[in-house]
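S.K.: Predicted coordinates and the sequence they were generated for:
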Amino acid sequence: MTLDFTVRIKRIAISMLAISAVSVSAFAAPASGALFAAAPKSVKRPAETVSPYSFGLERSQQETAIRFIEYAGIDKNLSLLLLNDVKTSAQVTDAIDRIGFEAVKAKVVTAIKRAQLSNKAEWTEMLATVYLNYFEGTELSSILTDRESSPFFAKMVELQTAISHDVDTQGKSIYKRARQQVLDLLTKEFAA
């Protein structure tokens, strides 16, 4: 029995909840419109490095959600979103023609990492707030430690469209500011 295409896409998005850094191979990947669509590509294995019990009730809901966002790597999706946007900008394509792909790639990755770092706390807080609109801290802890076997994993799959919409809406101003930071840094770099 084949799954509905939308369900398959949502499951893929859920299975891609972590990333370790800006992917260089993504520099040549097609752009995407949705903020959550830039889902992470590699999964950290927090259960192997962090006790599942370290996400206990002693933490506030916000602290638990932030920890979930960070361990799952969801906070790093800002880097991929920025990369998908700026890699096709006239500024970047013109620079590739002038100084070459490798030189431009290094400058773009550096600019994105700076913008990611500059906006990380606010982006992470926004993501944590969005996820807490749909989950309790204990549910997020279960998803992180038990992954697909969590009783709340199916709920996350079902809610991906709503979560994506909220991230797009609530993260828009942060994203725009980070994008402008990247473009400003690149303007300086390419003018030199």
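M.R.: That came through, no problem.

S.K.: any low-confidence regions in the protein?
M.R.: Counting by pLDDT under 70, the chain shows low-confidence ranges at 1-59, 192.

S.K.: just the helices in it please.
M.R.: 5-15, 46-49, 61-72, 77-86, 90-99, 101-132, 137-146, 153-170, 172-191 (DSSP state H).

S.K.: Highest mean neighbour count out of these?
M.R.: helix 77-86 (a mean of 23; mean count of other Cβ atoms under 10 Å). C-beta: built from backbone N, CA, C; applies to glycine.

S.K.: got the angle for that helix vs helix 153-170?
M.R.: 50 degrees (axes from the mean of the first three to the mean of the last three Cα atoms, to 10 degrees).

S.K.: Check what contacts stretch 115-122 and list those residues.
M.R.: Outside stretch 115-122, the residues that touch it by Cβ atoms under 8 Å, 6 or more residues apart in numbering are 22, 75-76, 78-79, 82, 174, 177-179, 181-182, 185.

S.K.: can we see that at 6 Å?
M.R.: With Cβ atoms under 6 Å, 6 or more residues apart in numbering as the test, stretch 115-122 has contacts from 78-79, 174, 178, 181-182.

S.K.: Tell me the one of those nearest residue 110?
M.R.: residue 182 (9.8 Å; Cβ to Cβ).

S.K.: Now do that closest one against residue 151, distance only.
M.R.: Distance, residue 182 to residue 151, by Cβ to Cβ, to the nearest Å: 40 Å.

S.K.: if we can go back for a sec, can you put the contacts of stretch 115-122 in TSV and add distance to residue 111?
M.R.: Shown next, in TSV, are the contacts of stretch 115-122 (distance: Cβ to Cβ, whole Å):
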residue	distance to residue 111
78	13
79	11
174	16
178	10
181	8
182	5
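
S.K.: Return the distance of the residue lying closest to residue 128 once chain neighbours are set aside relative to residue 146.
M.R.: Closest residue to residue 128 apart from its sequence neighbours, by Cβ to Cβ, 6 or more residues apart in numbering: residue 65 at 3.7 Å. Separation of residue 65 from residue 146 (Cβ to Cβ): 17 Å.

S.K.: Then residue 164?
M.R.: 23 Å.

S.K.: Same question for residue 61.
M.R.: Residue 61 is 19 Å from residue 146, where distance means Cβ to Cβ.

S.K.: Then residue 178?
M.R.: In terms of Cβ to Cβ, residue 178 sits 32 Å off from residue 146.

S.K.: And residue 93, how close does it get to residue 130?
M.R.: 33 Å.

S.K.: now residue 60
M.R.: For residue 60 relative to residue 130 (Cβ to Cβ), the value is 16 Å.

S.K.: likewise residue 61?
M.R.: For residue 61, the distance to residue 130 equals 13 Å [Cβ to Cβ].

S.K.: Same check on residue 115?
M.R.: 20 Å.

S.K.: Contact partners for residue 91?
M.R.: residue 186.

S.K.: Cheers, nothing more for now.
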